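Participant: Please work out how this folds:
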Amino acid sequence: MLVLTRRAGESIVIGDDVRVVVLDVRGDTVRLGIEAPRSVQVHRAEVYAEVQAANAAAANAGTDLAAVADRLQRIARPRPGGRGSRPGPAHAPAAPSQPAAPSQPAAPSQSATPSQSTDAAARPQVPKPTAPKPSAPPGSP
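Facilitator: Numbers count the residues shown, from 1 in each chain. Down below sits the predicted model:
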């Protein structure tokens with residue numbers, strides 16, 4: 001173990017990217033600041049021991065990974081008589097609907113089918129772009 005003496009405001013560097021700064025010393029208590037990248041885990045020793053114990057307990061919980069893998073394969077298999085494998089997610093999120101104004105309910109267009117009319121009523125109307133009008137060449141009246 002390397003033993004160093006540092007005063008408040010002084011620091012040590014570990015590797016290329018970890019810096020430990022002594023912030024304050026009061027009696028037998030020392031406050032440290034640790035600068036490290038997010039990829040480096042920094043824990044107090046007692047917290048680290050609890051994390052390790054929890055990980056060991058989870059690993060020994062008796063979970064049969066083969067049974068879980070088999071269940072996942074059964075879920076992913078296409079159903080007999082179905083259309084084959086599903087190319088995308090099983091459930092697409094619903095589009096948010098906007099309620100119609102109470103004074104003017106949206107009327108479906110007469111040429112649309114019932115399923116199209118509800119979709120058209122929920123969509124906001126966007127004006128179609130128009131082509132710019134040609135301007136007269138310079139020097140003409």
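Participant: remind me, longest helix of this protein?
Facilitator: helix 45-59 (DSSP state H).
Participant: And the next helix or strand past it?
Facilitator: Going down the chain from helix 45-59, the next helix or strand is helix 65-76, by DSSP states H and E.
Participant: May I have the strands that pair with the biggest strand by length in the chain, each with its orientation?
Facilitator: When the chain is parsed with DSSP state E, its longest strand is strand 18-26. Sheet pairing for strand 18-26, assigned by DSSP bridges, gives strand 11-14 (antiparallel), strand 29-35 (antiparallel).
Participant: residues in contact with that strand?
Facilitator: Strand 18-26 is contacted from outside by 6-14, 30-36, 40, using Cβ atoms under 8 Å, 6 or more residues apart in numbering. Every residue, glycine included, has its C-beta placed from N, CA and C.
Participant: One more: stretch 40-51?
Facilitator: 17-18, 34, 36.
Participant: coming back round to it: as TSV, the strands paired with strand 18-26 with mean neighbour count and mean pLDDT would be great.
Facilitator: Output for the strands paired with strand 18-26, formatted as TSV (neighbours: other Cβ atoms under 10 Å; pLDDT from 0 to 100):
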stretch	mean neighbour count	mean pLDDT
strand 11-14	12	96
strand 29-35	11	95
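Participant: Tell me which of those sits nearest to Gln73.
Facilitator: strand 29-35 (44.7 Å; Cβ to Cβ).
Participant: thinking again about what came up before, please produce TSV containing the strands paired with strand 18-26, extended by distance to Ala67.
Facilitator: Output for the strands paired with strand 18-26, formatted as TSV (distance: least, Cβ to Cβ, whole Å):
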stretch	distance to Ala67
strand 11-14	44
strand 29-35	42
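Participant: Now for this structure, the helix or strand with the poorest mean pLDDT.
Facilitator: Using mean pLDDT, DSSP states H and E, the weakest-scoring helix or strand in the chain turns out to be helix 114-122, at a mean of 49.
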